[in-house]
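S.K.: Sequence first, predicted coordinates after that:
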Amino acid sequence: MKLIEEKLKESRGRVEGELKLVPESLDDLWHLKYVIEPGDVVYSLSKRVCESSDKLRSDKEMVTVRIGVEVERVEFHKFANRLRISGKIVGGIEDSGYHTLNIGVGKELSIIKEWKKEQLDRIRNAVKASSQPEIVIVTIEEGDAIIGVLRQWGVEEVTSIRKSYGKESSSRTEFFSEVLSALRNMEFMYLVVAGPGFTKEDFLKFLKERDPEIAKKCILANCSTIGVRGFVEVLRRGVISRIAKDVRIIEEAEYMERLLEGVAKEEKVAYGLEEVKKAYEYGAIDVLLVADEFLREERERWDIDSLLERVEEMGGKVVIMSTEFEPGKRLMALGGIAALLRFDVT
């Protein structure tokens, strides 16, 4: 995320004003989905139908104008690489009505709103993360490979390759060649090759022979399975942290592992809104885990942000977790909110 301009004012604990931003990746569009809310005002360039200035002509033409809308709905279209922001027109052109802004990578927008602390933190972390290296993870075993790209919200599976074969070396070479072909169509700075057994070592040897440049970017890692669970294992083993120390999803995976261990042992954890509120009342919360979808839903019902702020005032840490990735999905299955506790609450 690129921050172009910041016009914020703080008064009586409230931060209001405008941020002018340019999303630089799919990750940045995803972040904006959880920052932009109904009632905010967003400005950006957009196409509008305009009557011809020639009175003798009745045709219309499309013109590019800067439009401001009061947000009513925000949709993240991951596979279309765009964010759709719909609402009532409040500025930029004379006529009224409704309009949808289509925000893609590289398109500037201005957001005017009352900013919550976690929203500003999210934006600033996205700006900081823009300088991180791009990392691709290949989880591979005999005849089966799944490739993912490390995003700020998790690992996105981008392709899978499956090829059945016996002991024929030519078939195995064909399988490795297909995986290499997929990698050649991607841009990355680091490649993590992980999986059970020795297939990963054989694939690295193949890379050194067929494409030494890609092999130079390669780091080996162990995991017991491939796919989503394999990606999570790679993150937990700290391989990515040695490459990009500030990758937030690693922290989320570690907290979720601690939470599940506590649930299994029935000690020093709380999950579900009522249990978490009880732990808060006892001052027992060390780390509060909140799923982003849960946060969005609860904001429509009550002032959940005040709970987050009070937890921080009492020395607790608040972590907003992505439901685009496995740890966040598990948290949603546990009620969307949980806490690691300083002590048990009975």
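M.R.: Nice, thanks for sending it over.
S.K.: helix or strand right after the biggest strand by length in the chain?
M.R.: Longest strand in the chain by number of residues (criterion: DSSP state E): strand 60-77. Downstream of strand 60-77, the first helix or strand assigned by DSSP states H and E is strand 82-91.
S.K.: domains for the protein, by residue range?
M.R.: 2-129, 135-243, 265-341 (automatic domain parsing).
S.K.: what sits against A333?
M.R.: Going by C-beta atoms under 8 Å, 6 or more residues apart in numbering, A333 touches no other residue. Every C-beta, even on glycine, is put in place using the N, C-alpha and C of the backbone.
S.K.: and it, how far is that from E274?
M.R.: 17 Å (C-beta to C-beta, to the nearest Å).
S.K.: so where is the stretch 51-200 of the chain shaky, pLDDT-wise?
M.R.: The stretch 51-200 of the chain contains residues with pLDDT under 70 at 51-60, 78-80, 94-95, 131-133, 166-168.
S.K.: which residues in it form strands?
M.R.: 60-77, 82-91, 98-104, 109-115, 135-141, 144-151, 154-162, 190-195 (DSSP state E, counting those that start in this stretch).
S.K.: So which bits of the biggest helix by length in the chain are buried?
M.R.: Secondary structure of the chain read by DSSP state H shows that its longest helix is helix 248-265. Using 16 or more other C-beta atoms under 10 Å as the test for burial, helix 248-265 gives R248, I249, I250, E251, E252, A253, Y255, M256, L259, L260, G262.
S.K.: want to throw the residues you listed into CSV with distance to K329 and pLDDT?
M.R.: Output for those, formatted as CSV (distance: C-beta to C-beta, whole Å; pLDDT from 0 to 100):
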residue, distance to K329, pLDDT
R248, 16, 66
I249, 13, 70
I250, 17, 72
E251, 16, 76
E252, 11, 82
A253, 12, 84
Y255, 14, 92
M256, 10, 93
L259, 13, 96
L260, 13, 95
G262, 18, 95
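S.K.: Is it possible to get those residues out as JSON lines so that each row also shows distance to R162?
M.R.: Shown next, in JSON lines, are these (distance: C-beta to C-beta, whole Å):
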{"residue": "R248", "distance to R162": "31"}
{"residue": "I249", "distance to R162": "26"}
{"residue": "I250", "distance to R162": "28"}
{"residue": "E251", "distance to R162": "33"}
{"residue": "E252", "distance to R162": "29"}
{"residue": "A253", "distance to R162": "26"}
{"residue": "Y255", "distance to R162": "33"}
{"residue": "M256", "distance to R162": "29"}
{"residue": "L259", "distance to R162": "34"}
{"residue": "L260", "distance to R162": "30"}
{"residue": "G262", "distance to R162": "37"}
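S.K.: Need the max-distance pair from the residues you listed.
M.R.: Using C-beta to C-beta, these reach their maximum pairwise distance at R248 and G262, which is 21.3 Å.
S.K.: how far away is E213 from F188?
M.R.: Taken as C-beta to C-beta, the span from E213 to F188 is 12 Å.
S.K.: neighbour-wise, which of these two wins?
M.R.: F188 (16 against 8; other C-beta atoms under 10 Å).
S.K.: And the helices in this protein?
M.R.: Counting by DSSP H, the helices of the chain are 26-33, 117-129, 169-184, 199-210, 212-216, 228-236, 239-243, 248-265, 273-281, 292-299, 304-313, 326-333.
S.K.: pLDDT at V319, what is it?
M.R.: For V319, the pLDDT comes out at 88.
S.K.: For the spatially closest residue to it that is not a sequence neighbour, list each beta-bridge partner.
M.R.: Of all residues beyond its chain neighbours, the one nearest V319 is L289 (5.3 Å), with distances taken as C-beta to C-beta, 6 or more residues apart in numbering. Beta-bridge pairing for L289 (DSSP bridges): V319, A338.
S.K.: Please report the distance of L289 from V149.
M.R.: The separation that L289 has from V149, given C-beta to C-beta, amounts to 25 Å.
S.K.: More neighbours: which of those two?
M.R.: The neighbour comparison of L289 against V149 (other C-beta under 10 Å) goes to L289, with 28 against 19.
S.K.: from what I can see that one touches M256, true?
M.R.: Yes: in terms of C-beta atoms under 8 Å, L289 counts as a neighbour of M256; the distance is 7.5 Å.
S.K.: residues shared between the contacts of these two?
M.R.: M321, L331.
S.K.: Next, give phi and psi for the residue nearest the centre of the chain.
M.R.: With distances taken as C-alpha atoms, centre = their mean, W153 lies nearest the centre of the chain, 2.3 Å away. Dihedral pair for W153: phi -100, psi 0, per degrees, to the nearest 10.
S.K.: could you list every residue that touches it?
M.R.: D27, W30, H31, I249, S322, E324, F325.
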